[in-house]
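Asker: here is my input, please return the structure:
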Amino acid sequence: MTKDKKINNFNQGMKTRREVLGNIHVDRAIKNTNQIDKRFQEFITESAWGTLWSNEKLSKRDRSLITISLLAALGHDEELEMHFNASKNTGATVDEISEALMHVAVYAGVPASNNALKILKRVFKESN
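Answerer: Numbers count the residues shown, from 1 in each chain. Presented below is the predicted three-dimensional model:
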């Protein structure tokens, strides 16, 4: 990948990351970045946000539902909570997320779905 392509992916990634996660979250992540995770932050901004989330083949809503399902199935609670909050920016509704978590129950297990639903209820209770 050329240097210009990396810069374009990074810039697009930062734009998309802010659209999905919000400025407060991204600013906090940038502020907390140091030499230990600088390369990792650049990597996820270029690849996850600049290439994957910025691709228009799926909507941000669809990507949000897919991401939430995967995080729930894998038990990544902190990231799951972050993406529940991000769903407020992607257009994924609580009803759609709940339905996606029904799929998690069938394909990844009831305990994973049950845990995710508890987090979902907490996140949306806090936002109301």
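Asker: in the helix or strand hosting Leu70, what counts as buried?
Answerer: If you go by DSSP states H and E, Leu70 is part of helix 60-74. Residues Lys60, Arg63, Ser64, Leu65, Thr67, Ile68, Ser69, Leu70, Leu71, Ala72, Ala73 are the ones in helix 60-74 that count as buried (16 or more other C-beta atoms under 10 Å). C-beta here means a position set from N, CA and C on the backbone, and glycine is covered the same way.
Asker: other SSEs contacting that helix?
Answerer: Using 3 or more C-beta pairs under 8 Å, 6 or more residues apart in numbering; DSSP states H and E, the elements in contact with helix 60-74 are helix 3-21, helix 77-90, helix 94-108, helix 110-127.
Asker: go through those helices and pick out the most buried.
Answerer: Among those, ranked by average contacts under mean count of other C-beta atoms under 10 Å, first place goes to helix 77-90 (a mean of 18).
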